[in-house]
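Trainee: Just the structure for this:
(chains A and B)
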Amino acid sequence: GENVEQHPSTLSVQEGDSAVIKCTYSDSASNYFPWYKQELGKRPQLIIDIRSNVGEKKDQRIAVTLNKTAKHFSLHITETQPEDSAVYFCAASVTSMDSWGKLQFGAGTQVVVTP
Amino acid sequence: SQTIHQWPATLVQPVGSPLSLECTVEGTSNPNLYWYRQAAGRGLQLLFYSVGIGQISSEVPQNLSASRPQDRQFILSSKKLLLSDSGFYLCAWRRTGVLGEQYFGPGTRLTVT
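Mentor: Okay, here's the model as predicted:
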């Protein structure tokens, strides 16, 4: 089955700097890669996702890049703010119109933005 | 718009007691439904998923079970709780026929004492 590894496990950045989280996956058939943000005690929230037919996707200060050949994808947060402090999870799945869409999650990255 | 509910929000149960957690989704039909568990400070572990009424698949063998008695209702149960069952239980849904996006409910925080 799919295995997703996520690095680093913790990331401390100064406010205004950029943060990068990297994930690798094992199943070359995986074609959907979401990122979730989880604040303390809250549910994970989908913040951005990318499909395998796209190399990069941006939404304001966050972006995701995908390298299918190397089987890795990354989350980039620019101009970090204190409210970006949270745990971020990457995930991968083989998804299709008829699939069950099971997500395999990485272990998470605790991001701390210090003022 | 779609909404997902879970209850109770928090629960404290003694070891050996039964468990029933409920999840319902509004605003969509025939969703794919998922139960996850998150231990304190840990990642998300998929426990069960369902593609329709009465159709349940288990990812991890354990003392938990799931049922889907109605299209938009998903229930997680146990006959006898263990200390290791403590955690944050999250229900999630995905619209059938849509590629990808999975959305989580607010979760139930279970403490087994």
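Trainee: Run through the chain and note the low-pLDDT ranges.
Mentor: Since you didn't name a chain, this refers to chain A. By pLDDT under 70, the weakly predicted segments of chain A are A:96-99.
Trainee: hm, I was asking about chain B
Mentor: Where chain B drops to pLDDT under 70, the residues are B:61, B:97-99.
Trainee: how close does the spatially most central residue of it get to B:P106?
Mentor: Nearest to the geometric centre of chain B sits B:W35, at 3.2 Å (Cα atoms, centre = their mean). Distance, B:W35 to B:P106, by Cβ to Cβ, to the nearest Å: 14 Å. No exception for glycine: its C-beta is placed from N, CA and C like everyone else's.
Trainee: where does chain B come near chain A, residue by residue?
Mentor: Residues of chain B lying close to chain A by Cβ under 8 Å from any Cβ of the partner chain are B:32, B:34, B:42-44, B:46, B:49, B:51, B:57, B:59, B:90, B:94, B:97, B:99-107, B:109.
Trainee: Of the residues you listed, just the buried ones, PyMOL syntax please.
Mentor: Buried residues among these (16 or more other Cβ atoms under 10 Å in any protein chain shown), as a PyMOL selection:
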select buried, chain B and resi 32+34+43+44+46+49+51+90+94+99+100+102+103+104+105+107+109
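Trainee: thinking again about what came up before, any idea how far the residue nearest to the centre of chain B is from chain A?
Mentor: Distance of B:W35 to chain A, given as Cβ to the nearest Cβ, to the nearest Å: 12 Å.
Trainee: From what I see, that residue and B:L47 are in contact.
Mentor: Yes. Between B:W35 and B:L47 there is a contact at 4.5 Å, judged by Cβ atoms under 8 Å.
Trainee: Which residues are in contact with A:K102?
Mentor: Neighbour list for A:K102: A:S93, B:Y34, B:L46, B:Y49, B:E59 [criterion: Cβ atoms under 8 Å, 6 or more residues apart in numbering or on different chains].
Trainee: er, B:A9 actually
Mentor: With contacts defined as Cβ under 8 Å, 6+ apart, B:A9 is in contact with B:P106, B:G107, B:T108, B:R109.
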